[in-house]
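[1] Let me see the structure of the following:
(chains A, B, C and D)
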Number of protein chains: 2
Amino acid sequence: MADVARLAGVSHQTVSRVLHDNPNVRGETRERVLAAIRQLNYRPNSMARALVTGRSKTIGVVSSDTTFYGPASTLFGIERAAYDAGYAVSVSSLRSVSSRNVVLDAIQQLLDQGVDGVAVIAPLRSGVDALRHVSPDVPVVALEAGQNATVPVATVDQRAGAAAATRHLLSLGHKTVWHLAGPADWQEAEERILGWKTALEAAGAPVPPVLRGDWTARSGYELGEALLDNDNLTAVFVGNDQMALGLLRRLREAGREVPRDISLVGFDDIPEAAYFTPPLTTVRQDFSELGRRCLKLLLSKVEGEEHPGRVVVAPELVVRESTGAARC
Amino acid sequence: MADVARLAGVSHQTVSRVLHDNPNVRGETRERVLAAIRQLNYRPNSMARALVTGRSKTIGVVSSDTTFYGPASTLFGIERAAYDAGYAVSVSSLRSVSSRNVVLDAIQQLLDQGVDGVAVIAPLRSGVDALRHVSPDVPVVALEAGQNATVPVATVDQRAGAAAATRHLLSLGHKTVWHLAGPADWQEAEERILGWKTALEAAGAPVPPVLRGDWTARSGYELGEALLDNDNLTAVFVGNDQMALGLLRRLREAGREVPRDISLVGFDDIPEAAYFTPPLTTVRQDFSELGRRCLKLLLSKVEGEEHPGRVVVAPELVVRESTGAARC
DNA sequence: TTCCAAATTGTGAACGTTAACATTGGTTCT
DNA sequence: AGAACCAATGTTAACGTTCACAATTTGGAA
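    Numbers count the residues shown, from 1 in each chain, chains lettered A, B, ... in the order given. Got it, this is the predicted structure:
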C-alpha cells in the first residue's frame, strides 16, 4: 500500500480512501491511485484489515456430518448466500457429536480463528444442548435445532412437512400411516414424528408405534422386517429418502408392490428420489432459502441489530408414484 | 497479551514464548504465565499472528459442485485431514465452472483472504485448463485433474478402477461391455472411458460406442433407451452410481432383469448403492485417503519442500449382486 | 572470588491496514 | 477584506502478534 501511495504521489490514507470509495477524493487523484494499484497489481491484505477493524468478513460453519444429504446441502446453501453477501466461509466438520464439548470447542476454534459469526448445523439434540452453554453475546445461530434453543434458529418446518405427507396418505384412503423415524437424538426425527402424530390424531386415525432407523438405507431395509409382520399395513411415512430406498428394497423382496400394496412417502427429495423404483413421493426442503435466511439472521446478530429469534422455511410435498389409493 | 504479561509480571515476549513452548523459559515462570492466561481466559489473536508471520494456518478449497457425491466427499476428506494437521479450511464453491476466470478468481479471492494454499477440486476440463494460468509459485494443488496439469495433482486412479470394473464383467463371460459415460468435459469421465477401452482392447473384445450421460439418475434413465435398442447387450459399466440407478429403473420398466439378463457396474459406491435393487457392484474411491494425500502435497508445496508432482490413490472394486455370469 | 558462557528475560521495531485528528487551500458569506 | 466553512489530503497512533536483538541473571570453572 505504501508503494502504491508513493507511485501515485499521495499518502497511504488516500489510497485507503480510494479503496473504500470515500467520496472526498478528487476524481483525478482517484484515477492516479487506481492506475498505481493496477500497475503494481496491489491486493489489500485482509489480515491487516481484520486486525484493525475487528471484522474479518468471514463466517464459520460447524457441521456434524457433511456426507449426509441434509447437512451437505445446508452447508452449500449457506456458502452461496455468504458469497453473495461478500463473506467467506470457514468450515469445521465434526467427526462425532458425542460429547457436548465437541460442538463448543469447534465454535470456539472458529471464533479464535477470527470469524465474525458461526452457524451451527446441529441436527442432534446433544448439539442443541451444547448451544445452551454459549453466552448470548457471541454471534451464533443454529440450523435445524428445535424450539427450545437459546440461540436464534433457522429451520425448515419439519412438522408441517411430516403432517403434509401424512395427510396426503390419509386422503388417499389409508386407514392409518406407519412411521419409520430417524434416531431419537436427532431433532428433525422428533419433529417429524410430532407432525405425523398430530396429523393422525387430527384425522382420528390410530397411531401405530414408531419404528426407529438411523437414516441409512440399511436401517430402512432392516426395519422392513418389523413392518411386514403387520398385515393391515398399507401406508408408511419414512423419515428420509435413504431409508425409503432400503424399505423399498425389502418390500420388493417380500413380494409387496409399491404403490399397489403399500404406499410410501419419503423426506428430503434427494436428487435420486425421482429415479427410485417407483419414483418416490417425498417432502422437499429448500436449502438455498434456508441458507439465505440463516445468513441474514447471523449477520443481523453480528451487527447487533434487531432480529427474529427464529426463521422458518416451508417444505413442499412432491407427489410421485410411490403413493396410491388404498385397496378396499 | 499485554494484560497476561502484566498479571504474570513478565514481558509480552515471554508470554509469546510460553505460547510457543519455547524451551528457554524457567518452569516456574511458565506456570505463572499459564495461570495468568487461564485466569484472564486469554486467546491469541490469529489475525495478528498471521499478519506478522505471513502464515494463517488456513487452506482454501475451491469446489465446483458440492452437492455431487464425489466433490462433497473430497471436500470432507480434505477438511478432516486439514483439521488433523492443525489447519482451518475456507471453502469457495462455484455455481458454474463455465468460464475459466471463475476458477482463477476463486483462487485469487482465497489467496487475498490469506490462505496459505489452495486445493482445487477441478473435475472439469475447463477447470484444469484454468490452472494452467496460475503461476507455478502460488501454492495450488488440484484434485481429480488429468495428466497434463501444470500444478501438482492428487487423484484416484480412475483408469485402474474402470479397468477393474470392465475386467470383472469380462471374466464373468460377457462378450463385451458397454459404457455409459459422464459428460465429455469431465476429466474423470474421460479417464474412465480410457480405462474401460484399454481393458476391452487388452481382452480382444469389441469396443462399443460410448454413451454420454450427465451423472444424474435422469440421464441414466434416458440413455437406457439407446441401450435397449441393442439386443446383444449383456453388460454395462456405468460412469457413476446415480446413472446406474436410473438405468436400473429403465431396465426394469423394459422387463430386463439385473443381473439375469444384464449385468451392471457403477462407480463411486455411494452409501445407497448397497440398497439398490439389486445391490450395485461398483468401484469405491477412498476420499479420506485422497484428502490426506492432497493436504500433504499442498503443505509440502507451501513449505517449498520437495514433493511429487502427482499422487495417486487406488480404487477398489466392490462386488455385489448387480453382476452375474453371462447367459450362454 | 572472578569471570565467562549459557540460560533466561526484556526492548523496540516491524507486519499492513484503519481511525481520529490535523493541515492545507479554496469558496462563500458578511 | 476577513472570517468561516468545506473539500481534499496528510500525519500519527493504534490493532496484537513475532522477530531480532539487547540486557540481565544464573551456574560453574578457574
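[2] C-alpha from now on. contacts and neighbour counts both.
    OK.
[3] Show me how far stretch A:162-170 is from its chain's centre.
    22 Å (Cα atoms, centre = their mean, to the nearest Å).
[4] correction: stretch A:207-215
    For stretch A:207-215, the distance to the chain centre is 23 Å (Cα atoms, centre = their mean).
[5] average model confidence for it?
    Per-residue pLDDT over stretch A:207-215 has a mean of 95.
[6] Check whether that stretch comes near chain B.
    No: for stretch A:207-215, no contact with chain B is found by Cα under 8 Å from any Cα of the partner chain; the gap never falls below 10.8 Å.
[7] got the end-to-end distance for that stretch?
    22 Å (Cα to Cα, to the nearest Å).
[8] now swap in stretch A:138-146 and tell me
    Rule used - Cα to Cα; the end-to-end distance of stretch A:138-146 is 19 Å.
[9] Give me the contact list for that stretch.
    A:116-125, A:128, A:151-156, A:187-188, A:191, A:294, A:297-298, A:301-302 (Cα atoms under 8 Å, 6 or more residues apart in numbering or on different chains).
[10] swap in stretch A:37-45?
    With Cα under 8 Å, 6+ apart as the test, stretch A:37-45 has contacts from A:1, A:4, B:112-114.
[11] How about that stretch and DNA strand D, any contact?
    No: on the criterion Cα under 7 Å from any atom of the strand, stretch A:37-45 is out of touch with DNA strand D, staying 11.6 Å away.
[12] Low-confidence regions, chain A specifically.
    A:96-100, A:148, A:328 (pLDDT under 70).
[13] In it, what residue spans correspond to helices?
    With DSSP state H, the ranges of helices along chain A come out as A:2-8, A:12-19, A:27-40, A:46-53, A:69-84, A:100-112, A:125-131, A:158-171, A:187-202, A:217-229, A:241-253, A:287-302.
[14] could you say what helices and strands the fourth one packs with?
    Read it as helix A:46-53. helix B:46-53 (3 or more Cα pairs under 8 Å, 6 or more residues apart in numbering or on different chains; DSSP states H and E).
[15] What is the end-to-end distance of stretch A:301-311?
    End-to-end span of stretch A:301-311 (Cα to Cα): 13 Å.
[16] Around chain B, pick out the residues from chain A.
    Counting by Cα under 8 Å from any Cα, the residues of chain A near chain B are A:43-48, A:50-51, A:66-67, A:69, A:72-73, A:76, A:79-80, A:83, A:88-93, A:112-114, A:216-218, A:221, A:242, A:245-246, A:249, A:271-272, A:275-277.
[17] List buried residues within those residues.
    With neighbours counted by 16 or more other Cα atoms under 10 Å in any protein chain shown, the residues of chain A next to chain B contain buried members at A:46-48, A:50-51, A:66-67, A:69, A:72-73, A:76, A:79-80, A:88-93, A:113-114, A:216-218, A:221, A:242, A:245-246, A:249, A:272, A:275-277.
[18] still on that earlier bit, make JSON lines out of the helices of chain A and add distance to A:Gly266.
    Formatted as JSON lines, the helices of chain A follow (distance: least, Cα to Cα, whole Å):
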{"stretch": "helix A:2-8", "distance to A:Gly266": "59"}
{"stretch": "helix A:12-19", "distance to A:Gly266": "51"}
{"stretch": "helix A:27-40", "distance to A:Gly266": "55"}
{"stretch": "helix A:46-53", "distance to A:Gly266": "45"}
{"stretch": "helix A:69-84", "distance to A:Gly266": "13"}
{"stretch": "helix A:100-112", "distance to A:Gly266": "29"}
{"stretch": "helix A:125-131", "distance to A:Gly266": "22"}
{"stretch": "helix A:158-171", "distance to A:Gly266": "8"}
{"stretch": "helix A:187-202", "distance to A:Gly266": "11"}
{"stretch": "helix A:217-229", "distance to A:Gly266": "11"}
{"stretch": "helix A:241-253", "distance to A:Gly266": "5"}
{"stretch": "helix A:287-302", "distance to A:Gly266": "17"}
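[19] Out of those, which is the most enclosed?
    Of the helices of chain A, the one with the most neighbours on average (mean count of other Cα atoms under 10 Å in any protein chain shown) is helix A:241-253, at a mean of 25.
[20] How far off centre is that helix?
    Helix A:241-253 has its C-alpha centroid displaced from the chain centroid by 25 Å (Cα atoms, centre = their mean).
[21] packing partners for that helix?
    Against helix A:241-253 (3+ Cα pairs under 8 Å, 6+ apart) you get helix A:217-229.
[22] elements contacting the helix it packs on?
    Counting contacts by 3+ Cα pairs under 8 Å, 6+ apart, helix A:217-229 packs against helix A:241-253.
[23] Quick check: the residue of the stretch 1-150 of chain A nearest chain B.
    A:Ser90 (4.2 Å; Cα to the nearest Cα).
[24] Now that residue: closest residue in space, sequence neighbours ignored.
    Once flanking residues are discounted, A:Ser90 sits nearest to B:Ser90: 4.2 Å by Cα to Cα, 6 or more residues apart in numbering or on different chains.
[25] now swap in A:Gly324 and tell me
    Leaving aside its chain neighbours, A:Gly324 sits nearest to A:Pro259 (5.4 Å; criterion: Cα to Cα, 6+ apart).
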